[in-house]
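K.L.:
Here's a sequence, model it:
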Amino acid sequence: MTNNIQETAFPSTRTPSLLDETRYRQIFEAFVDLYYEIDMTETIRVLSPSVFSLTGWRPEELIGRPVRDIYFNPDDRAPLLHVLFATGSVQNYVVLLKNKEGTPISASISARVIQDQNGHPTGVSGTIRDMTESIRTQKALQESEEKFRTLAESSPFAIMIYQDNRWIYANPTAENMCGYTADELCRMNFWDFVHPDDLSLVQERGKARQSGQQAQQTYEFRIIARDGIVKWVILNGASIVFQGKPAGLISVFDITDRKQAEQDREKLQNQLRQSQKLESVGLLAGGVAHDLNNLLQPILGYAELLLMAETSGETGKRYIQQIIGTVERARDLVRQLMAFGRKQILEIQSLDINQVIANFSRLLRRTLREDIQITLIPGPQPGMIRADKSQIEQILMNLAVNAQDAMPDGGSLTIETKPVTLDAHVAARFPDIVPGDYVCLLISDTGTGMDPKTAQQIFDPFFTTKEMGKGTGLGLSTVYGIVRQHGGHIQVYSEPNQGTVFQVYFPVSSEDVAAEPPAKTDRKPVMGGHETILVAEDEAIVRDLTHAMLSQLGYRVLVAETAKKCLDLAKAHGDSIDLLLTDVVMPEMSGKELHAQIAKLNPDIRVLFMSGYTANIIAHRGILDEGVQFIQKPFSLQALAEKIRHVLAT
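P.N.:
Next comes the predicted model:
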């Protein structure tokens, strides 16, 4: 092709004046971008001085050389020329050139075809801009954005950006936490899934931060996820500028598990404090029981002896009966305290709780009002537990009477049993539970129910919602003590006007169930006998009373106030003594040790222990040792007579 381009350092399309040439030269030399012209043979004809800053070559070193000499890859020219001659111009075509040292240079080429007056192409002119720094900056920005995206999308925190109270970015953790996709979140208002009770707090903090006020950057609140689950989160917020407008950047972490752990820990601490409080009352109850029962024993015993005397008269007998009734109520009160404090002695045997409930329900139906409907739902298999039958009946009676009081206008009482397995997860929430198999006794009513505050106090001793004089406040605390002494657990569920459900858990027994003895019928006082009984009692008033009661029953009685005197009597009378009736707690040695010494002298002697407080001398953890016979003070003449005949017959 014909070369019509002048070989010069600046372009010239007409003959310029001196002033024009100076002006054009100044403009030409001031170019930051490189200006170039090449002819149709692709030979460089014109270069602006800025070529030096771009390539390190001076213009005169390149003019006259093929343009391919400054391409890092000469083959890159073909696509460029194809586009150029097809369209007449090219804008910002990025290629790699090379500098004088051969190092690649990222450059953006703009070009147009030069034509003669007839429209024939004579060459190409244009500009070249150094893109090295721009591309480096762009690459750094892309890398930065990629790092941020990787960090944001792999973060355990929910990272979110909001602007004008709407989300504009949410990472995958935010999607999982809220249950909404990022697209869904970006169509939602900032407050849409904040828990209503925490909405004002979040709004106040968010608005303060957006307006530039000082606001707490980190705080906790609740959200409601798409599936309705309430979650606790902790938020850290910051104000940023995004796309030229104020925005908020927040990171949110799910602390629901931590909150649950804190609640569980607080619950366990409350249970511990409650247990310690109840234990203190139990220790007090056990401490006073011995002395109080020793005081009640002579009152009850002498009153019964007076009642049997012929000289009492009708009025006197009526007064004596009032005394006996009062003492019996006092005795029951002490026993409730001992049951609560887990200080009473249990006569444990293997029982089918379904059978116990069935037999005891007859008494319940006679005891409760007629407007209380009782429904029994026994479990699908025998509910075998190791328990004291009388104490299980005490639980049933106390809970049934409590239910009756909650149904003043009548209602339904349901007694149900079912086998359950309590695992380690349940045991972790309740310190008194050992994982394993249990029989659950459920007693539910349709009564007035309780609010949470009342439900938390119902097992406290002397707590009652009844009017003054209508209750002692020991019924449910007694139940609590009995259940705990049996190694069980009790829970209550109740809401106002929705009734109450007590759940009592007893460990399952693997032993054969004992046959339920026939129910007792009313009968005349058991007569005594003519055997010889050795009484060991350190309390004089109780010792004298016991002597009188046994004499009234026809027995030959020997009495001793100390263990030493008791041993002396045993040596003196030898095998003629049939029964040792001894207090558990004695000076010098315990009743159990005393019996062991006497048994060496008289191996066939029977023993009956009596006490107002066991001190675990004849029982282990309150459970009577197998084969040991025991009578709890204060006892009646009838109870003593029956117990002695039972011991002598075994």
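
K.L.:
Can you read off the pLDDT for Pro431?
P.N.:
For Pro431, the pLDDT comes out at 69.

K.L.:
where in the stretch 201-350 of the chain is pLDDT low?
P.N.:
209-216, 268, 271-290, 310-312, 332-347 (pLDDT under 70).

K.L.:
Let's see that with 50 instead.
P.N.:
The model of the stretch 201-350 of the chain has pLDDT under 50 over residues 342.

K.L.:
now the helices for it?
P.N.:
In the stretch 201-350 of the chain, the segments counted as helices under DSSP state H, counting those that start in this stretch are 256-308, 313-340.

K.L.:
so where's the protein shaky on pLDDT?
P.N.:
In the chain, residues with pLDDT under 50: 1-14, 342, 468-473, 513-516, 518-519, 521-523, 621.

K.L.:
most centrally placed residue in it?
P.N.:
Per Cα atoms, centre = their mean, the C-alpha nearest to the average position across the chain is that of Asp264, at 3.7 Å.

K.L.:
Not counting its neighbours along the chain, what's nearest that residue?
P.N.:
Spatial nearest neighbour of Asp264, chain neighbours left out: Arg429 (6.3 Å); criterion: Cβ to Cβ, 6 or more residues apart in numbering. All C-beta atoms are positioned from the backbone trio N, CA, C, and that covers glycine.

K.L.:
The one you found and Gln263 touch, don't they?
P.N.:
No - if you go by Cβ atoms under 8 Å, Arg429 and Gln263 don't touch, sitting 10.4 Å apart.

K.L.:
so who does Glu153 touch?
P.N.:
For Glu153, the contacting residues are 171-172, by Cβ atoms under 8 Å, 6 or more residues apart in numbering.

K.L.:
With Val542 instead?
P.N.:
294, 297-298, 583, 633.

K.L.:
can you pull the buried residues of the helix or strand hosting it?
P.N.:
Using DSSP states H and E, Val542 maps to helix 540-552. Judged by neighbour count using 16 or more other Cβ atoms under 10 Å, the buried positions of helix 540-552 are 542-550, 552.

K.L.:
again, but for stretch 495-503
P.N.:
499-503.

K.L.:
Strands - which of those land there?
P.N.:
Of the buried residues of stretch 495-503, the ones assigned to strands by DSSP state E are 500-503.

K.L.:
Make TSV from these and add distance to Pro378 to it.
P.N.:
Output for those, formatted as TSV (distance: Cβ to Cβ, whole Å):
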residue	distance to Pro378
Thr500	21
Val501	17
Phe502	17
Gln503	16
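
K.L.:
Closest one of those to Lys259?
P.N.:
Gln503 (26.2 Å; Cβ to Cβ).

K.L.:
for Arg187, helix, strand, or coil?
P.N.:
coil (DSSP: H, G, I helix; E, B strand; the rest coil).

K.L.:
if I look at it, how far off is Gly88?
P.N.:
From Arg187 over to Gly88 the distance is 47 Å, taken as Cβ to Cβ, to the nearest Å.

K.L.:
Over to Asp445?
P.N.:
Asp445 is 97 Å from Gly88, by Cβ to Cβ.

K.L.:
more neighbours, the two?
P.N.:
Taking neighbours as other Cβ atoms under 10 Å, Asp445 and Gly88 compare with Asp445 leading, 24 against 12.

K.L.:
Skipping its backbone neighbours, what lies nearest that one in space?
P.N.:
Ala403 (3.7 Å).

K.L.:
what about the one you found, neighbour count?
P.N.:
Count around Ala403 with other Cβ under 10 Å applied: 25.

K.L.:
List the contacts of it.
P.N.:
Counted by Cβ under 8 Å, 6+ apart, Ala403 has contacts 372, 413, 443-445, 447, 500.

K.L.:
now do Asp568
P.N.:
Asp568 touches Ala560, counting by Cβ under 8 Å, 6+ apart.

K.L.:
secondary structure element for it?
P.N.:
Per DSSP H and E: helix 563-573 holds Asp568.

K.L.:
mind checking how far that helix is from the chain centre?
P.N.:
What separates the centre of helix 563-573 from the centre of its chain is 61 Å, taken as Cα atoms, centre = their mean, to the nearest Å.

K.L.:
Against Leu300, how distant is Val113?
P.N.:
129 Å.

K.L.:
ok, which stretches of the stretch 51-200 of the chain are strands?
P.N.:
Counting by DSSP state E, counting those that start in this stretch, the stretch 51-200 of the chain has strands at residues 89-98, 104-115, 121-130, 158-163, 166-170.

K.L.:
what helices or strands is the first one leaning on?
P.N.:
Which is strand 89-98. helix 51-55, helix 77-87, strand 104-115 (3 or more Cβ pairs under 8 Å, 6 or more residues apart in numbering; DSSP states H and E).

K.L.:
Run through the bridge partners of Ile490.
P.N.:
Val504 (DSSP bridges).

K.L.:
hang on, it packs against Val501?
P.N.:
No - applying Cβ under 8 Å, one finds Ile490 not in contact with Val501, separated by 11.2 Å.

K.L.:
and Leu235, how many neighbours?
P.N.:
Residues within reach of Leu235, counting by other Cβ under 10 Å, total 21.

K.L.:
Contacts only, for it.
P.N.:
So, once contact is read as Cβ under 8 Å, 6+ apart, Leu235 ends up touching 202, 218-221, 250-252.

K.L.:
So what sits opposite it in the bridge?
P.N.:
Bridge pairing for Leu235 - DSSP bridges - gives Tyr219, Val252.

K.L.:
And it, how far from Trp167?
P.N.:
From Leu235 across to Trp167, the span is 14 Å (Cβ to Cβ).

K.L.:
next one: Leu413
P.N.:
55 Å.

K.L.:
With Val647 instead?
P.N.:
83 Å.

K.L.:
out of those two, which sits in the more crowded spot?
P.N.:
Between Val647 and Trp167, Trp167 has the larger neighbour count (other Cβ under 10 Å), namely 24 against 18.

K.L.:
My guess is that one contacts Asp183. True?
P.N.:
No - if you go by Cβ under 8 Å, Trp167 and Asp183 don't touch, sitting 10.0 Å apart.

K.L.:
Kindly tell me how buried the residue lying closest to Arg226 once chain neighbours are set aside is, as a neighbour count.
P.N.:
Nearest residue to Arg226, sequence neighbours excluded (Cβ to Cβ, 6+ apart): Gly179, at 3.0 Å. Residues lying near Gly179 (other Cβ under 10 Å) number 16.

K.L.:
Equivalent analysis for Asp164, please.
P.N.:
10.

K.L.:
distance of it from Leu594?
P.N.:
Distance of Asp164 to Leu594, given as Cβ to Cβ: 91 Å.

K.L.:
cool, and Gln260?
P.N.:
Where Leu594 is concerned, Gln260 sits at a distance of 56 Å (Cβ to Cβ).
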